[in-house]
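**Q** Dropping the sequence and predicted coords here.
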Amino acid sequence: MQKVQDYIQSNKDRFLKELLELLSIPSVSADPAYKLDVERTAASVANSLTKAGADKVEICPTAGYPIVYGEKIIDANKPTVLVYGHYDVQPPDPLDLWESGPFEPVIKKTEVHPDGAIFARGSCDDKGQMFMHVKAFEAMMATDSLPCNVKFMIEGEEEVGSDNLGIFCQSNKEKLACDVVLISDTSIIANDSPSITTGLRGLSYVEVEVVGPNRDLHSGVYGGAVANPINVLSEMIASMQDENFHITIPGFYDDVEEVSKEERVEMNKAPFNLEHYKKDLGIAEVRGEAGFTTQERISIRPTLDVNGIWGGYTGEGAKTVLPSKAFAKISMRLVPNQNSHKITKLFEDYFNSIAPASVKVKVRPHHGGEPVVTPTNTPEYKAAHMAMEKTFGKSPIPKREGGSIPIVALFEDVLGVKSVLMGFGLDSDSIHSPNEHYGLFNYYKGIETIPYYYKYYAEIKE
């Protein structure tokens, strides 16, 4: 392992340069205008895998964006790790809130990242974290130190729901056969408090439309006599939570896992400073479901949030219009035992039931995913624990995260294997927001840690 670590140290500058080049390609999967750039990113990832030493590198077409596959099989009798990541990124909007170009990566020092952080869209989610695996693999290959088999599956549609990944997995079970899926698309508690994600919330994502009059109207001539779709939509959304921020959709909580008091006590022992949390977000107070702490609200409780709302006139100046239509995008984060399809149907039925006769409504389901909890007593988890303990110098804390990675449940269903969620980002890295960034400490720490995962996993499985 010393040869691996020496190789990493002597190539750190190049590893950073290559990541910056990857981050400069605007691989926004949600916007068709970036189609060629997304495909160009897939080609760049494939090229990086080939240079690192992978065999059978392919850019596999799907009905959407391609999946990059590569492998290195050293011994059919040794365990196989399947590395999953994604090369697509969120849209950069709103552009005016970026301090530097979202696809013009720059390195700046911050209070949290005194050694510097890479500011660019995708730096943490997930190009930076995915690329750690490519560079760690390169270091093991260059020093003849790879202790088990490895396969890579890097997709380009994670940020739009991974619609074609399930089809690809079903059609390529033999190719993807493995003992564990290793994913770095999550976070640690802090740079001095390593952690391993043991649970993720699921997701139900919908778009709603409220239609009033058959055309936009003059708000003076018609205001007060005709229902305003924006007002109606706002009232409907507001009614979906009560004064305790409890979601009012009938049946919404029927299947929610009730976490034991003992586990809640342990969960709240994780390092967390509420004042620092509020200061970082620029807020005076937190708010959420009554009876639960902030740590619990973002991990073991379901939510309903408006992700976008629009309608009427939003241009410069004033236009006194009573709009014909209003729209909103709404996401619901789900916890163990909840099912995304069931929740989507409950939402749709309730939304239709509370609509006044003065408007017509539509609900358009988008993508969803199921919640997961991963065990902490498996060889796969133990290897991750040992690897992080080795490089951080302290034992990592198991924790649940509030985000969703729908493919974790997919891998278990289709490939029959568990995933290990060994991420290195921070919750404060502004993923999905302007000024997304990823610490140099975190990038390099990931590259240093991943080879130890392979080492310990191979030893435990012998």
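**A** Received it, and whenever you're ready, just let me know what you need.
**Q** For His432, which residues are in contact?
**A** For His432, the contacting residues are Gln90, Asp125, by CB atoms under 8 Å, 6 or more residues apart in numbering. C-beta coordinates here come from the backbone N, C-alpha and C atoms, glycine included.
**Q** and it, what pLDDT?
**A** Per-residue pLDDT puts His432 at 95.
**Q** pretty sure Val206 is touching Val363, no?
**A** Yes. Contact status for Val206 versus Val363: in contact at 5.6 Å, counting by CB atoms under 8 Å.
**Q** So between these two, which is more surrounded?
**A** Val206 (20 against 17; other CB atoms under 10 Å).
**Q** mind giving me the domain split of this structure?
**A** For the chain, the structural domains run 2-200+371-461, 202-256+302-369, going by automatic domain parsing.
**Q** Kindly check the end-to-end length of the last one for me.
**A** So the one you mean is domain 202-256+302-369. Counting by CA to CA, to the nearest Å, you get 5 Å between the two ends of domain 202-256+302-369.
**Q** so Leu16 touches Ile447, yeah?
**A** No. Using CB under 8 Å, Leu16 is not in contact with Ile447, being 10.3 Å away.
**Q** Looking only at neighbour counts, state which of the two leads.
**A** Ile447 (27 against 18).
**Q** My read is that that one contacts Phe137, right?
**A** No. The criterion here is CB under 8 Å, and Ile447 misses it with Phe137 at 9.7 Å.
**Q** and the host helix or strand of Lys345, what does it pack onto?
**A** Using DSSP states H and E, Lys345 falls within helix 340-353. Judged by 3 or more CB pairs under 8 Å, 6 or more residues apart in numbering; DSSP states H and E, helix 340-353 is in contact with strand 202-211, strand 325-334, strand 360-369.
**Q** Compute the inter-axis angle for the last one and strand 325-334.
**A** Pointing back at strand 360-369 there. 30 degrees (axes from the mean of the first three to the mean of the last three CA atoms, to 10 degrees).
**Q** for strand 360-369, packing partners?
**A** Judged by 3+ CB pairs under 8 Å, 6+ apart, strand 360-369 is in contact with strand 202-211, helix 340-353.
**Q** What's the first helix or strand after the shortest one?
**A** The reference is to strand 202-211. Using DSSP H and E, the next helix or strand after strand 202-211 towards the C-terminus is strand 217-218.
**Q** same question for that next one, mean pLDDT?
**A** The pLDDT scores in strand 217-218 average 97.
**Q** What is it packed up against?
**A** strand 321-322.
**Q** Which strands or helices does the strand it packs on pack on?
**A** strand 217-218, helix 219-222.
**Q** And for that strand, what's in contact with it?
**A** By CB under 8 Å, 6+ apart, strand 321-322 touches Gly212, Pro213, Asp216, Leu217, His218, Ser219, Tyr222, Gly223, Val226, Asn228, Gly312, Tyr313.
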